[in-house]
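Trainee: Pasting the sequence and the predicted model now:
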Amino acid sequence: MKFNKHKITGGFYRQPKNDIFIIQIIEGYLKIVKCRQMLNKREFTDFEITPLSGGLADEELTKKAKSLLEKLKFNNNRVILSLPRYQATLRYIKIPAKIPAEIEKIIPFQASKYLPYPPQELVTAYQVISTDKEGYSHINLNIVHKDVISGYLSFLNALGIKNFSVILNSYGLCSLHNETEPSPGISMIVDIDDNYAELAVTSQKKLFFSRSFKALQGQNLENILSDEIKKTNSAYVKETGHNPVERVIIFTDKNISAQKLSENISLPAETVDYSGKVCPRLSERIKAEAVSAAGLFGLGLKELSASLNILPQDVKDVRISASRKKELMTLSVTALLIILTLTAAVTKDLDNKRRYRDKLKLELDKVSKEAKALEEINTRFGILESEARY
């Protein structure tokens with residue numbers, strides 16, 4: 001699959017490599033958001049959402065994905081795949097380690113405690129929430145069955161995508177909240193899609209807890225959400241031992257009364273127009289869609305920790321090896337350039353000294369001729385002086 005050139009008036013151009021594509025395959029829809037890495041920020045430039053009738057292995061998905069990527073002028077750019085919340089298990093746990101290498105060795109065995117599979121059949125990722133003086137780390141552990149990730153890897157491979165990461169959608173919601181409604185307190189984010197709704201608890205700019213449930217269409221969303229928010233708040237407090245949620249933020253354009261919801265849950269609740277804040281150029285198009293892409297826009301806002309990348313260990317090992325080879329190659333090239341630069345500097349210095357020597361020689365020749373005449377005159381004066389004395 002090639003996306004190398006796109007015709008414009010007067011010739012061809014290549015799509016900039018600093019574009020990033022965020023992709024999500026969720027029940028019934030394929031979503032793609034495109035953003036561009038600027039000097040100190042990222043700017044969203046386009047997005048596409050299309051309905052799907054089949055699943056991840058359906059040939060229709062690959063065809064539609066190729067078509068949308070061509071439309072968005074994809075050119076072997078980096079891809080972030082947003083994993084839907086219902087495909088993962090999250091646990092807030094405490095482990096006796098602080099160093100990332102030690103944490104990564106421990107978490108696969110911790111993961112098998114929460115899902116009935118051996119460690120080698122599970123794929124994990126994590127975010128460190130805090131550490132204590134006793135040497136323990138409090139982390140948010142992400143657990144996904146390997147078959148789920150393998151399905152996405154096959155999909156990306158069919159598209160010829162090599163540079164990619166897989167990150168849970170919940171972290172996108174957390175990042176979007178930090179950008180649009182930063183708050184020092186504990187907030188619950190509500191994101192309602194066409195088929196699923198996701199609830200995420202965030203504090204201190206980190207994700208503490210999240211869950212999703214099947215959205216029921218055509219019913220009273222305020223009443224359904226009220227019950228689910230109460231359940232989520234109770235589960236969050238029980239698992240983390242932290243204080244309850246202080247307010248609710250709703251990322252949706254559906255017809256939901258924040259005031260009625262607030263009365264039902266006895267908490268402040270508000271609807272936030274995230275699209276108007278992070279991508280005003282695309283705001284009207286986003287509002288016109290029936291589905292949500294809030295998590296995708298959140299994942300595109302900034303670079304997230306490499307520990308959140310949900311990839312099998314063998315894939316990570318290959319990447320680490322390739323990264324080390326690249327670093328070694330970079331160091332070798334850098335060393336060669338330094339040697340060449342020093343050699344050029346020494347050569348230039350020698351050449352300058354040679355020129356200066358030649359210049360001195362010319363000057364010396366001139367002085368020697370004049371000095372010779374003066375020497376003869378001095379000799380004659382010496383003879384005259386000795387004769388005069390005699």
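Mentor: Good, I have the coordinates. Numbering: from 1, shown residues only.
Trainee: For residue 44, which non-adjacent residue is closest in space?
Mentor: Of all residues not flanking residue 44 in the chain, residue 279 sits nearest, at 3.9 Å (Cβ to Cβ, 6 or more residues apart in numbering). The C-beta positions use only the backbone N, C-alpha and C, and glycine is treated the same way.
Trainee: show me what contacts the one you found?
Mentor: Residues in contact with residue 279 (Cβ atoms under 8 Å, 6 or more residues apart in numbering) are 43-44, 286, 297.
Trainee: Let's have those in a markdown table, adding pLDDT.
Mentor: Listed next are these as a markdown table, based on pLDDT from 0 to 100:
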| residue | pLDDT |
| --- | --- |
| 43 | 93 |
| 44 | 95 |
| 286 | 89 |
| 297 | 96 |
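Trainee: Could you identify which of those has the most neighbours?
Mentor: Highest neighbour count within the contacts of residue 279: residue 297, with 29 neighbours (other Cβ atoms under 10 Å).
Trainee: Hmm, residue 177 and it touching each other?
Mentor: No: Residue 297 is beyond contact range of residue 177, at 11.5 Å (criterion: Cβ atoms under 8 Å).
Trainee: just checking, residue 199 is part of a strand?
Mentor: Yes: assessed by DSSP: H, G, I helix; E, B strand; the rest coil, residue 199 belongs to a strand.
Trainee: Show the contacting residues for it.
Mentor: Counting by Cβ under 8 Å, 6+ apart, residue 199 touches 188-191, 210-213, 228-229, 232.
Trainee: May I have the predicted confidence score for residue 319?
Mentor: According to the prediction, residue 319 has pLDDT 60.
Trainee: Report the buried residues of the helix or strand hosting residue 123.
Mentor: Per DSSP states H and E: residue 123 is located in strand 122-131. Neighbour-count burial for strand 122-131, counted by 16 or more other Cβ atoms under 10 Å, picks out 122-129.
Trainee: quick one: the helices in the stretch 101-250 of the chain?
Mentor: 146-158, 169-180, 221-240 (DSSP state H, counting those that start in this stretch).
Trainee: I would like the residues contacting the shortest one, please.
Mentor: The set of residues that contact helix 169-180 without belonging to it, under Cβ under 8 Å, 6+ apart, is 22, 24, 82-85, 90, 127, 187, 189, 191, 198, 200, 202, 205-207, 210, 249, 251, 272, 274, 277-278, 294-302, 304, 308.
Trainee: and that helix, which residues are buried?
Mentor: Across helix 169-180, burial judged by 16+ other Cβ under 10 Å covers 169-178, 180.
Trainee: now do the first one
Mentor: Residues of helix 146-158 classed as buried: 148-149, 151-153, 155-156 (neighbour count, 16+ other Cβ under 10 Å).
Trainee: Same question for the last one.
Mentor: Residues of helix 221-240 classed as buried by neighbour count (16+ other Cβ under 10 Å): 221-222, 225-226, 228-229, 232-233, 236-237, 240.
Trainee: got those as TSV, with pLDDT columns?
Mentor: Listed next are those as TSV, based on pLDDT from 0 to 100:
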residue	pLDDT
221	77
222	81
225	89
226	93
228	94
229	95
232	96
233	96
236	96
237	96
240	94
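Trainee: For the residues you listed, give me TSV that also has distance to residue 76.
Mentor: As requested, these are exported to TSV (distance: Cβ to Cβ, whole Å):
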residue	distance to residue 76
221	41
222	46
225	41
226	47
228	41
229	42
232	40
233	44
236	41
237	46
240	41
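Trainee: nearest to residue 102, of the residues you listed?
Mentor: Among the buried residues of helix 221-240, residue 240 lies closest to residue 102 (Cβ to Cβ), at 22.3 Å.
Trainee: The closest one is in contact with residue 206, isn't it?
Mentor: No: contact criterion Cβ under 8 Å: residue 240 and residue 206 do not qualify, at 11.4 Å.
Trainee: Identify the farthest-apart pair in the buried residues of helix 146-158.
Mentor: Longest distance between any two of the buried residues of helix 146-158 is 13.3 Å, between 148 and 156; criterion Cβ to Cβ.
Trainee: tell me the contacts of the closest residue in space to residue 223 that isn't next to it in sequence?
Mentor: Of all residues not flanking residue 223 in the chain, residue 264 sits nearest, at 7.0 Å (Cβ to Cβ, 6+ apart). Residues in contact with residue 264 (Cβ under 8 Å, 6+ apart) are 222-223, 226.
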